[in-house]
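coordinates for the following, if possible.
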Amino acid sequence: MTELTYTGSDGWPLYATVMGDGPALIMLHGGGPDHHSMRPLAEELTDRYRVILPDIRGYGRSVCADPERHTWDQYVQDVLSLMNAAEAQTAGLIGAGLGGTIALRACLKHSDRIRCAVVISPEDIEDDEAKAAETAMMEEFADRVRTRGIEAGWALYLPHLQPLIVNLVRDAIPRADAASVAAAAAIGHDRAFRSPAELAAITTPTLIIPGDDDRHPIELAHRISDLMPAAQVASVSMSRTLSTAEDMGQEFAPSVSDFLQSLSAIE
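All right, here's what the predicted structure looks like:
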């Protein structure tokens, strides 16, 4: 295992951990946790792949307290910067929640460099009214974090999330920087997709592992799978029986491994 320091397209310092050897896989954690949440799953794959685990901008070691630097385009550019730093012309992406949205955006914008994707617990794609409500809630989240601390901010969301996500978020809080967490909430002012229909343009082979809460509706996983010509829904899901990152790694690794091995693109 090695540590990698790299620079975003805007010159911002970012950090990742690299494990294993072989074709490159980049694992993108959800919003709230950091790269530690993906390590047990990564460890199940390092016998065949070089797994790269960044702390996404704003989380973990990749502290970024400038709200203007938190946009979907910048997050995708950070993935490309990481690939360049790791000397990976192409890579597979595995993303959970926020990381899954970044993976989908990367597939849409840079299909020549993204060989395949695994999207775990895809985030809801809101209509205009729901997006406005979500933006307002994220503004309140940021204000709470700045004035009362990270735990106070997450108290808005945790009651509505499934146990695994709650535990991953709580595990990462001691490693998080409050100003950076508050700034990352500015992503609520950006919009990844206006409609699920936009995903029909993604031709990258994609495995979708459904979520199971209001922020990650199971119905969305099936809908976008139907829209994307090379997508399939996994037989596993973000079940409420899962509690830890280790549970997630053990539950998802067989399906992810089978999917990757079925693709000549990743080899």
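
quick one: the residue nearest to Glu68 when sequence neighbours are not counted and Ser243, what's the gap?
Spatial nearest neighbour of Glu68, excluding adjacent residues (CB to CB, 6 or more residues apart in numbering): Ala186 at 7.2 Å. Any C-beta I mention is one placed from the backbone N, CA and C, and that applies to glycine too. Separation of Ala186 from Ser243 (CB to CB, to the nearest Å): 31 Å.

the more surrounded of these two?
Neighbours were counted for Ala186 and for Ser243 using other CB atoms under 10 Å; Ala186 has more, 19 against 14.

residues contacting that one?
Ala186 sits next to 67-68, 70, 138, 142 when contact means CB atoms under 8 Å, 6 or more residues apart in numbering.

quick check: Ala200 touching Met228?
Yes - between Ala200 and Met228 there is a contact at 6.5 Å, judged by CB atoms under 8 Å.

the more surrounded of the two?
Legend: neighbour count by other CB under 10 Å for Ala200 and Met228, higher for Met228 (23 against 14).

verify the stated contact: the more buried one with Glu198.
No - applying CB under 8 Å, one finds Met228 not in contact with Glu198, separated by 10.3 Å.

what sits in contact with each of those two?
Here Met228 and Glu198 have no joint contacts, going by CB under 8 Å, 6+ apart.

wait, a helix at Ser235?
No - looking at Ser235 with DSSP: H, G, I helix; E, B strand; the rest coil, it is coil, so not inside a helix.

so what's the residue count around Phe141?
Neighbour number of Phe141 under other CB under 10 Å is 22.

in the chain, which spans are helices?
For the chain, the helices defined by DSSP state H occupy 39-43, 72-85, 98-109, 128-148, 150-154, 163-172, 178-184, 218-227, 245-261.

nearest to Leu207, of these?
helix 245-261 (4.3 Å; CB to CB).

give me the contact list for that closest one.
Contacts for helix 245-261 (CB under 8 Å, 6+ apart): 25, 36-45, 48-49, 92, 94, 116, 118, 120, 164, 168, 171, 207, 209, 232, 234-236, 238-239, 241-242, 266.

let's see that with 7 Å instead.
Residues from elsewhere that reach helix 245-261 (CB atoms under 7 Å, 6 or more residues apart in numbering): 36-37, 39-41, 43-45, 92, 94, 116, 118, 120, 164, 168, 207, 209, 234-236, 242, 266.

and for stretch 154-161?
Outside stretch 154-161, the residues touching it (CB under 7 Å, 6+ apart) are 137, 140-141, 144, 166, 169, 213-215.

any of those residues buried? List them.
Among the contacts of stretch 154-161, those classed as buried by 16 or more other CB atoms under 10 Å are 141, 144, 166, 169, 213, 215.

just checking, the fourth one touches Pro33?
In other words, Val169. Yes - counting by CB atoms under 7 Å, Val169 does reach Pro33; the two are 5.9 Å apart.

pull the contacting residues for Gln162.
Per CB under 7 Å, 6+ apart, neighbours of Gln162: 212-213, 238, 240.

whoops, Asp213 was the one
Here Asp213 is in contact with 160-162 (criterion: CB under 7 Å, 6+ apart).

swap the cut-off to 6 Å and go again
Taking CB atoms under 6 Å, 6 or more residues apart in numbering, we find Asp213 in contact with 161-162.

what does Val181 give?
With the criterion set at CB under 6 Å, 6+ apart, Val181 makes contact with 145, 150.

can you rerun that using 7 Å?
58, 145, 150.

how many other residues sit next to the first one?
It stands for Gly58. 28.

try the second one
Using other CB under 10 Å, Val145 is surrounded by 24 other residues.
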